[in-house]
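Peer 1: model this:
(one chain, ligands or ions: 1)
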Amino acid sequence: MSAETPTGTAWPVIRKDASTLAVLPHLADYDAERAAFSWDDARRALSGLPGGGLNIAHEAVDRHAAGPLAAREALRFVRADGSLESITYAGLADRVSRFAAVLRGLGVGRGERVFSLLGRRPELYAAVLGTLKAGSVFCPLFSAFGPDPVRQRLRLGSGRVLVTTRSLYRKKVAALRADLPDLQHVLLVDADGAPEPGTLDLAALLDTAEPLEAAAATRPGDYALLHFTSGTTGTPKGAQHVHEAVVAHWATGRFALDLHEDDVYWCTADPGWVTGTSYGIIAPLVHGVTAVVDEEELDVDRWYRILAEQRVTVWYTAPTALRMLMKAGAERAAGYDLSALRFVASVGEPLNPEVVLWGQESLGLPIHDNWWQTETGGIMIANYAAMDIRPGSMGKPLPGVEAAVLMRGPDDRPVLRDGEAVEVEHAGDVGELALRPGWPSMFRGYLNEEARYRKCFAGGWYLTGDLATRDDDGYFWFVGRGDDVIKSSGHLIGPFEVESALMEHPAVAEAGVIGVPDEVAGETVKAFVELRPGREPSSELRLDIIGFARRRLGAAVAPRDIEFVEALPHTRSGKVLRRLLKARELGLPEGDVSTLEARP
Ligand code: AMP
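Peer 2: As a prediction, this is how the structure comes out:
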């Protein structure tokens, strides 16, 4: 049997039979598990705080450190030179409790925000969990961000504490301190006793701290994490998550990633993005597994070596990375013993069917695509170990999650009937992917932007901003974004943020930024630039503007390509018409642009 993608290509269905798998999956029968599941039962699988309440750090670390898993390896860091640093649950609990005590000592209160600008090193993991234990809110920043995104997020989030390294501090923060009045403490993880003006030596503070014994008595609805994400216009949006999210991390770790206690699990995402926090830190630790962390960036041989030498059993990665491995050729995997691997999942961008099948050929396992976003806090739609895979499909909603494809009106908003949103009429019709509110990891607000938050809900549903279809059998298929946001190498990039940085270049009058398809990265960022009067296009100027944007935004966000244009197209309200730029770039019909308005 084969299944058709929405574009009409047929791919063979990958059949699953739970009884033939090396480990019996937690979700052996999708329909039965879905019918039996309740979030209340999931809550009961966690221990809760001794005096009542719920705290992520307690569920992820403290309860294990106090029980039979104390000596188990919680985190295994693979350093640049390949050497390992292992931390047990008991050891992690000590580091976490010390970090929490340092915050208390500095007078950082419940709900106040602690930021990080750090690579994947042990101090980052202790800082995330220590902040949660202390009842403060953690906001991780991607360490490859340039100074502009760092300053903007620290300002928007009123960061009180920043944990970083000396060199990142000097390069990206020191010059901006005057602009960050709320930032009281900068903690350097590598101060080594040598003073750096305006900062504190974290190691020294940790050494002398008296570990905080009991976690703050947080309630399920108390804020825990802040993750910035990008929209089409305006500033980045700070999605606020609560301690109760841990219930969804537990359930999705169990059903979508099929984590079992003796797993060695590797999530390749950086905690600067939501996947790296929810599934690089919280979900594996809640399940008491060993989580591998690679301190380095993607390198084909290094990655195969880690999978083989660390005997990784469950691997959660991203389409861009898988496409890079695929491009490097199957023979690159040949010398490595990947026999420990039993489950591979991917998230963040569309996963092409070719890659799902490549997995089967090169790794001996298909890739299980799953879908979610910063706002959902956890996996919402997934392919499961024991469910047939239709390559190209995102799978089916998690137990406890209700998803729908809603009909959209001409204003791109859902069509309402009697106050309820209307689903598309037929299987296969394209509409907006929506989720019924009520799952525990749903974001509870955009920081200081109530109206923007409210706009995400209509007719009884949370609107994801993605376009999708559902087939006759309930599998969901991703069609595209409903807005202009760009996904490059799995990173969500707001075109407005890039346009704003470009417009600070003295030669640039205006810029329009779009994503253009890329075989490996999914999309890359391209800018159309209108120059100021008197400035002439040249290749030097092009390079100069690209360099300027990289210094401001960081290489992950800055445009890879710039094209000079005489005049940018605008909507009637004066906004750059990105959709038209994109249609022209791709040679697609320009459509009736007179009605187009950029979504806020
Ligand atoms: P972020 O909030 O940065 O995690 O990005 C979320 C967005 O990434 C979603 O709204 C989708 O547009 C895209 N995305 C995530 N997972 C998938 C997937 N499995 N297939 C297609 N797109 C995805």
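Peer 1: buried set for stretch 576-587?
Peer 2: 576, 577, 578, 579, 580, 581, 582, 583 (16 or more other Cβ atoms under 10 Å). (C-beta placed from N, C-alpha, C; glycine too.)
Peer 1: got phi/psi on the closest residue to the third one other than its chain neighbours?
Peer 2: On the basis of Cβ to Cβ, 6 or more residues apart in numbering, the spatially nearest residue to residue 578 that is not a chain neighbour turns out to be residue 484, at 4.6 Å. Backbone geometry at residue 484, expressed as degrees, to the nearest 10, gives phi -90, psi 10.
Peer 1: could you measure from residue 484 over to the ligand?
Peer 2: Separation of residue 484 from the ligand (Cβ to the nearest ligand atom, to the nearest Å) stands at 12 Å.
Peer 1: same deal with residue 389?
Peer 2: Look at residue 389 and the ligand: by Cβ to the nearest ligand atom, they are 13 Å apart.
Peer 1: how far does stretch 11-27 sit from the chain's center?
Peer 2: 27 Å (Cα atoms, centre = their mean, to the nearest Å).
Peer 1: so what would you say the end-to-end distance of that stretch is?
Peer 2: Terminal residues of stretch 11-27 lie 24 Å apart, using Cα to Cα, to the nearest Å.
Peer 1: over to the closest residue to the ligand within the stretch 501-600 of the chain: give its phi and psi.
Peer 2: Nearest to the ligand, among the residues of the stretch 501-600 of the chain, is residue 522, at 8.6 Å (Cβ to the nearest ligand atom). Dihedral angles of residue 522 (phi, psi; degrees, to the nearest 10) stand at phi 80, psi -70.
Peer 1: that one reaches residue 350, doesn't it?
Peer 2: Yes - using Cβ atoms under 8 Å, residue 522 is in contact with residue 350, at 7.0 Å.
Peer 1: can you work out which residues contact both of these two?
Peer 2: Contact with both residue 522 and residue 350 is made by residues residue 319, according to Cβ atoms under 8 Å, 6 or more residues apart in numbering.
Peer 1: so for the two, which sits in the more crowded spot?
Peer 2: Between residue 522 and residue 350, residue 522 has the larger neighbour count (other Cβ atoms under 10 Å), namely 23 against 17.
Peer 1: which parts of the chain sit against the ligand?
Peer 2: Residues of the chain lying near the ligand by Cβ under 6 Å from any ligand atom: 229, 274, 347-351, 369-371, 373-374, 394, 464, 466, 478, 481, 487, 492.
Peer 1: give me the residues contacting the top helix by length along the chain.
Peer 2: The residue-count maximum for a helix in the chain (DSSP state H) belongs to helix 89-105. Helix 89-105 is contacted by residues 57, 61-62, 64-66, 69-72, 74-75, 87, 114, 122, 125-127, 129-131, 133-134, 136, 161, 187, 202, 205-206, 209-213, 215, 285, 288 when judged by Cβ under 8 Å, 6+ apart.
Peer 1: show me what secondary structure element comes after that helix.
Peer 2: Sequence-wise, the next helix or strand beyond helix 89-105 is strand 113-117, with elements assigned using DSSP states H and E.
Peer 1: gap between that following strand and the chain center?
Peer 2: The chain centre lies 16 Å from the centre of strand 113-117; the measure is Cα atoms, centre = their mean.
Peer 1: which strands or helices does the helix or strand following it pack on?
Peer 2: Next helix or strand after strand 113-117 toward the C-terminus (DSSP H and E): helix 122-134. Contact here means 3 or more Cβ pairs under 8 Å, 6 or more residues apart in numbering; DSSP states H and E; on that basis helix 122-134 packs against helix 56-57, strand 73-78, helix 89-105, strand 113-117, strand 137-141, strand 161-164.
Peer 1: after the last one, which helix or strand is next?
Peer 2: Read in the C-terminal direction, the helix or strand following strand 161-164 is helix 166-172, with elements assigned using DSSP H and E.
Peer 1: list the buried residues in that following helix.
Peer 2: Within helix 166-172, the residues that count as buried by 16+ other Cβ under 10 Å are 166, 168, 169, 171, 172.
Peer 1: want to throw the residues you listed into TSV with distance to residue 499 and pLDDT?
Peer 2: TSV is the format used below for these (distance: Cβ to Cβ, whole Å; pLDDT from 0 to 100):
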residue	distance to residue 499	pLDDT
166	32	98
168	26	98
169	28	98
171	24	96
172	21	96
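Peer 1: coming back round to it: can you tell me, leaving aside adjacent residues, what's nearest to the residue of the stretch 501-600 of the chain closest to the ligand?
Peer 2: residue 349 (4.4 Å).
Peer 1: show the pLDDT at whatever residue of the stretch 201-350 of the chain ends up closest to the ligand.
Peer 2: For the stretch 201-350 of the chain and the ligand, the shortest gap (Cβ to the nearest ligand atom) falls at residue 350, measuring 4.1 Å. For residue 350, the pLDDT comes out at 93.
Peer 1: in what element of secondary structure is it found?
Peer 2: For residue 350, there is no helix or strand it lies in under DSSP H and E.
Peer 1: one more: the one 10 residues further on?
Peer 2: Counting by DSSP H and E, the secondary-structure element that holds residue 360 is helix 353-362.
Peer 1: contacts for that helix?
Peer 2: 5, 9, 11-12, 14, 319, 322-323, 325-326, 330, 333, 344, 346, 365-367, 369, 389, 391-392.
Peer 1: ok, 7 Å please
Peer 2: Contacting residues not belonging to helix 353-362 are listed as 5, 11, 14, 319, 322-323, 326, 330, 333, 344, 365-367, 389, 391-392 [Cβ atoms under 7 Å, 6 or more residues apart in numbering].
Peer 1: quick check: the two most widely separated of these?
Peer 2: Farthest-apart pair in the contacts of helix 353-362 is 5 and 333; separation 26.0 Å (Cβ to Cβ).
Peer 1: sorry, back to before: and the residue nearest to residue 522, what does it touch?
Peer 2: Residue 349 is in contact with 318, 319, 320, 487, 490, 522, counting by Cβ under 7 Å, 6+ apart.
Peer 1: mind checking the SS state of the nearest residue to residue 514 once chain neighbours are set aside?
Peer 2: Here the nearest residue to residue 514 in space, its sequence neighbours aside, is residue 582; by Cβ to Cβ, 6+ apart that works out to 4.6 Å. Three-state assignment for residue 582 (DSSP: H, G, I helix; E, B strand; the rest coil): helix.
Peer 1: pLDDT score for residue 582?
Peer 2: At residue 582, pLDDT is 93.
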